[in-house]
Structures are given as structure tokens and as C-alpha cells.
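Engineer: Next come a sequence and a model predicted from it.
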Amino acid sequence: MEWGTIATVLIGGLIGLSGEAIGRIGARRQSQIARQEALEDANIARSQAIEDDNRREKEARERSAAENILSAYLGNPIRLVNQPREEVVLSVSRVCTILGFEQSFILDAELRQRVAEICYFLDLAAAGDVGGYTVAEVGFLARSETRMLMGAWARGEDLPPSIEGWGEIRRSRSEIETRWQQELSDAGLRVKVPPLSIY
């Protein structure tokens, strides 16, 4: 054989080997990219699944809160007549405690605010009259307002304006708060009534 032929065969072999090596490197690189993309897709899917689970858990807790809020009135009757004031105050206080806790789990900000407001007025009513309404009247109106709000929420409707009577209490809120704050100050307390916006 001639040296030229040998050199050509060797060069051809080297080119073939280098092509094969480059092909293997490229295939490995593509395999690494595919693995990386698969890992990223799996991480995204896992994150989405966790978010979905968290959302479902929060929605389930919200439904439970709505049920507990409505049940609070059933377990703690508030009658307009023929119920001693002490019993009314006890029922209103219990309902207020349940509403105050459960409203924290309501995801809808407007509904949560309205329920917090109901709790707020029930709390004030247990200590005295609210806007000229007795504790029994406030409890009765609060129950009606709560049922209306929770029903609209359960049906997916916009929250309606307040019922007659409760709307009057809501409109008198600043006056009621001012009077209540004065009563606290007159009693020697330095506590400030927190704004409803914190809920």
C-alpha cells in the first residue's frame, strides 16, 4: 500500500470517529436537555398540584366556616320577646365568638368584612344598646343579615345591600363607635376600639 492511501484511510477513520464522538456528545447534550425539561415540567406539575390541594383545603375550610356561622344562630337562639336579657346576652356573646373566629376563614374579602362587622355590632350590643336597638333586636337583625349574606354567597351572587334596620345600624357605625369609645374612656380604660378594616 501506498502511504497516501494509508493516510487517507487513517484520516477517513479519524473523521468517522470524530463524527461519531460529536454525535454522541450531541445526543448526550440533547438527553440532558430533555431530562432537565422533564424535571422542570415535573416540578411545575408538583407545584400546581400543591397549589390545587391548598386551594381545595381553603375552600373546604371556607364552606365549614359558613356552616358554623349559620349553625351558631341555631344553637344560640335569640328571641325578640319572652327571653330574659341575660339569656339573650349569652346567646349573642356565643354567636359573636363563633362569627369572630370563623370569619377568618372566609376567602371572599367583602363577605369576610360584612361578617366581621356583624360580629362587631353583636359584641357592642352585648355590652349595651347599639344605635337605639336592644341586644335582642341587634341579635335578631344580625341573624337575618347573616342568613341573607351567606345565602347570596352560597349561590354565587353579589352580596346584597343590608336589610332594613341593619342598614341603619351600619350607617350609624361612626356614631356608635364614638359613643362606645367614650364609655371605655369614662371607665378609665385606655383601649382604643380597633377599626373594622383590620379584619
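Structural biologist: Perfect, I can see it now. Numbering: from 1, shown residues only.
Engineer: Glu86 and Ala136: what is the separation?
Structural biologist: 12 Å (Cβ to Cβ, to the nearest Å). Yep, even glycine has a C-beta here, placed from its N, CA and C like the rest.
Engineer: quick one: which of those two has more around it?
Structural biologist: Counting neighbours by other Cβ atoms under 10 Å for Glu86 and for Ala136 shows that Ala136 has the greater number, 20 against 8.
Engineer: who's in contact with the closest residue to that one other than its chain neighbours?
Structural biologist: Spatial nearest neighbour of Ala136, excluding adjacent residues (Cβ to Cβ, 6 or more residues apart in numbering): Val88 at 4.8 Å. Counting by Cβ atoms under 8 Å, 6 or more residues apart in numbering, Val88 touches Ile78, Arg79, Val135, Ala136, Gly139.
Engineer: Check for me that Val88 belongs to a helix.
Structural biologist: Yes - assessed with DSSP: H, G, I helix; E, B strand; the rest coil, Val88 lies in a helix.
Engineer: Tell me the confidence at it?
Structural biologist: In this model, Val88 is scored at 95, pLDDT.
Engineer: Equivalent analysis for Val92, please.
Structural biologist: 96.
Engineer: In this structure, mark out all the strands, start to finish.
Structural biologist: Ranges of strands within the chain: none, based on DSSP state E.
Engineer: what's the weakest-modelled helix or strand in it?
Structural biologist: helix 3-75 (a mean of 79; mean pLDDT, DSSP states H and E).
Engineer: Check the offset of it from the chain's centre.
Structural biologist: Averaging C-alpha positions (Cα atoms, centre = their mean, to the nearest Å) puts helix 3-75 32 Å from its chain's average.
Engineer: ok, now stretch 98-105?
Structural biologist: The answer for stretch 98-105 is 11 Å, by Cα atoms, centre = their mean.
Engineer: Now restrict the contacts of Val88 to buried residues only.
Structural biologist: Ile78, Val135, Ala136, Gly139 (16 or more other Cβ atoms under 10 Å).
Engineer: May I see those residues organised as TSV, with pLDDT and distance to Ala125 added?
Structural biologist: Output for the buried ones among the contacts of Val88, formatted as TSV (pLDDT from 0 to 100; distance: Cβ to Cβ, whole Å):
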residue	pLDDT	distance to Ala125
Ile78	93	10
Val135	94	5
Ala136	95	9
Gly139	96	7
